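Q: One predicted model, sequence on top.
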Protein chains: 2
Amino acid sequence: MSALKKTAITSAPIHSLIRERWSPRAFADRPVEAEKLRSLFEAARWAASSYNGQPWNFIVATKSDPENYRKVLDCFVEFNQSWAKSAPVVALSVAKLKFEHNGELNRHAFHDVGAASATLTIQAEELGLAVHQMGGILPEKAREIFGIPEGYEAVAGIAIGYPGEAHTLPDHLKAPEVAPRERKALDSFVFTGKWGKVLPIVGGKA
Amino acid sequence: MSALKKTAITSAPIHSLIRERWSPRAFADRPVEAEKLRSLFEAARWAASSYNGQPWNFIVATKSDPENYRKVLDCFVEFNQSWAKSAPVVALSVAKLKFEHNGELNRHAFHDVGAASATLTIQAEELGLAVHQMGGILPEKAREIFGIPEGYEAVAGIAIGYPGEAHTLPDHLKAPEVAPRERKALDSFVFTGKWGKVLPIVGGKA
């Protein structure tokens, strides 16, 4: 009963936590220890951000608190609810849209929430946990349910737990769960000098 | 001549790569090896993204290519140019704003670029490199200089190199370089049930 590995096939060496991290839909029926959960948000806390504005916020619930768990799940689109409900912890990331220091719009609010969430996922991998982030949420429903104030906006859903087994998923989700991870080649997105001109050191081996 | 350490004072254990990562302005006068640079973008490549859209792109230049290096530097605001010019590698992240699979706006384009860039910084820490990301860039100038097409947008600047020493910086940048890293307390941004209600496991120790 070991967790499914989906090691990235890389074109250059990368740290094992980055290489092994992936986004499962199957979670084990096992709670996440409070101290581990705390470490996840502590990791997010130390991400870099524009003007150190730290625009990230998280609304979190565990299955041990069914009422609040249900409220978070209700903010996911139906498809995501169908599998995320097996995760022992669900969360929403929420961006603060303006800077505190001058009240101006923070063009990098979503960017920095993404940085914090990515850092959280790497910490999760270190702790043997798996994270699946979801774009498919209902931001206005989240605003209503949780009273998210003006100037803030729900960004993404996050399912957290110990990795489970693909056979526990509904049939139509079994194949994607075990399919290899795929990415665009490096030479399709690392340029120099002008758009589309490949940076020489990334060419050739991707 | 050892690099300045600014270990995060954490309220819960986190991985050393996250704990030690910070954003210096002083870089050593030493090039970044091609294979290490390649590993940085390879790490970015494996970030999670909405619909696996991988909206991240990078325009990169090293000091060994002065013309293209200058072009990237010119897209940073003047303040950032003043210190980033000591970094052996400079880059711009660029977001693809629409999904390939349906042509619709990708609400998470900046979010996912932030995830890729954060992953890059953690890989950099692993390789003994330092990264300083900058919100302060000139996206329209970048569009013009590099021919960034419609549907894409320059997001952030990135300075990459081996860490340097604070005394090499202009006077007004020396104090911030050695100041401790600061973050909001966990209980100010991790909620449950409703906005502002602290998730119990993060209260008390932050």
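A: Received the coordinates, thanks. Numbers count the residues shown, from 1 in each chain, chains lettered A, B, ... in the order given.
Q: Show me how chain A divides into domains.
A: A:16-169, A:179-206 (automatic domain parsing).
Q: pull the helix or strand with minimum mean pLDDT from chain A.
A: Per-element confidence for chain A was summarised using mean pLDDT, DSSP states H and E. The lowest value among helices and strands belongs to helix A:171-178, with a mean of 94.
Q: I'd like to know which of the domains of chain A lies nearest to chain B.
A: Proximity of the domains of chain A to chain B was assessed by C-beta to the nearest C-beta; the nearest stretch is domain A:16-169, lying at 3.2 Å. Heads up, the C-betas are built off the backbone N, CA and C, glycines and all.
Q: Who are the packing partners of the helix or strand hosting A:Asn68?
A: A:Asn68 is part of helix A:66-73 when elements are defined by DSSP states H and E. Other elements packing on helix A:66-73 under the criterion 3 or more C-beta pairs under 8 Å, 6 or more residues apart in numbering or on different chains; DSSP states H and E are strand A:56-62, strand A:89-96.
Q: Just give me the longest helix of chain A.
A: helix A:109-126 (DSSP state H).
Q: could you check the angle strand A:56-62 makes with that one?
A: An angle of 50 degrees separates the directions of helix A:109-126 and strand A:56-62 when computed by axes from the mean of the first three to the mean of the last three C-alpha atoms, to 10 degrees.
Q: Any part of helix A:109-126 near chain B?
A: Yes. Part of helix A:109-126 sits close enough to chain B to count as contact by C-beta under 8 Å from any C-beta of the partner chain, namely A:110-119, A:121-123, A:126.
Q: Please identify the helix or strand for the most centrally placed residue in chain A.
A: Most central residue of chain A, judged by C-alpha distance to the mean C-alpha position with C-alpha atoms, centre = their mean, is A:Gln133 at 3.3 Å. Taking DSSP H and E as the criterion, A:Gln133 maps to strand A:130-134.
Q: what's that strand packed up against?
A: helix A:78-84, helix A:109-126, strand A:152-161.
Q: Would you convert the ones you listed into CSV that also reports mean neighbour count?
A: As requested, the helices and strands packed on strand A:130-134 are exported to CSV (neighbours: other C-beta atoms under 10 Å in any protein chain shown):
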stretch, mean neighbour count
helix A:78-84, 16
helix A:109-126, 27
strand A:152-161, 25
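Q: Nearest to B:Arg25 among these would be which one?
A: The closest of the helices and strands packed on strand A:130-134 to B:Arg25 is helix A:109-126. By C-beta to C-beta, the value is 18.7 Å.
Q: how many degrees apart are that closest one and strand A:89-96 in direction?
A: Using the same axes, to 10 degrees, the inter-axis angle of helix A:109-126 relative to strand A:89-96 is 150 degrees.
Q: okay, the angle between helix A:109-126 and strand B:130-134?
A: 150 degrees.
Q: what's the average pLDDT for helix A:109-126?
A: Average pLDDT, helix A:109-126: 98.
Q: Just the CA atoms of it, as PDB, please.
A: Only the C-alpha atoms of helix A:109-126 are listed here, as PDB (Å, rounded to 0.1, in the frame of the first residue of the first chain):
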ATOM      1  CA  ALA A 109      -1.100  39.800  -5.600                       C
ATOM      2  CA  PHE A 110      -2.100  36.600  -7.400                       C
ATOM      3  CA  HIS A 111       1.500  36.000  -8.400                       C
ATOM      4  CA  ASP A 112       2.600  36.100  -4.800                       C
ATOM      5  CA  VAL A 113      -0.300  34.000  -3.600                       C
ATOM      6  CA  GLY A 114       0.900  31.500  -6.200                       C
ATOM      7  CA  ALA A 115       4.400  31.700  -4.800                       C
ATOM      8  CA  ALA A 116       3.200  31.100  -1.200                       C
ATOM      9  CA  SER A 117       1.000  28.100  -2.300                       C
ATOM     10  CA  ALA A 118       3.900  26.600  -4.300                       C
ATOM     11  CA  THR A 119       6.100  26.800  -1.300                       C
ATOM     12  CA  LEU A 120       3.400  25.100   0.800                       C
ATOM     13  CA  THR A 121       3.300  22.200  -1.700                       C
ATOM     14  CA  ILE A 122       7.000  21.700  -1.500                       C
ATOM     15  CA  GLN A 123       6.800  21.700   2.300                       C
ATOM     16  CA  ALA A 124       4.000  19.200   2.000                       C
ATOM     17  CA  GLU A 125       6.100  16.900  -0.100                       C
ATOM     18  CA  GLU A 126       8.800  17.000   2.500                       C
END
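Q: What pLDDT does the model give A:Gly204?
A: In this prediction, A:Gly204 carries a pLDDT score of 63.
Q: What of A:Arg143?
A: At A:Arg143 the predicted local confidence, pLDDT, stands at 98.
Q: Spatially nearest residue to it, not counting backbone neighbours?
A: Nearest residue to A:Arg143 in three dimensions, chain neighbours excluded: A:Ala154, at 6.7 Å (C-beta to C-beta, 6 or more residues apart in numbering or on different chains).
Q: Report the separation between the one you found and A:Phe58.
A: 10 Å (C-beta to C-beta, to the nearest Å).
Q: Overlap in contacts, these two.
A: Residues touching both A:Ala154 and A:Phe58 comprise A:92-94, with contact defined as C-beta atoms under 8 Å, 6 or more residues apart in numbering or on different chains.
Q: hmm, back to that, TSV for the residues of helix A:109-126 next to chain B, including distance to B:Pro139?
A: As requested, these are arranged in TSV below (distance: C-beta to C-beta, whole Å):
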residue	distance to B:Pro139
A:Phe110	15
A:His111	13
A:Asp112	17
A:Val113	19
A:Gly114	18
A:Ala115	18
A:Ala116	22
A:Ser117	23
A:Ala118	22
A:Thr119	25
A:Thr121	28
A:Ile122	28
A:Gln123	31
A:Glu126	35
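Q: List just the nearest of the residues you listed to A:His167.
A: Sorting these by how near they are to A:His167, with C-beta to C-beta, puts A:Thr121 at the top with 24.2 Å.
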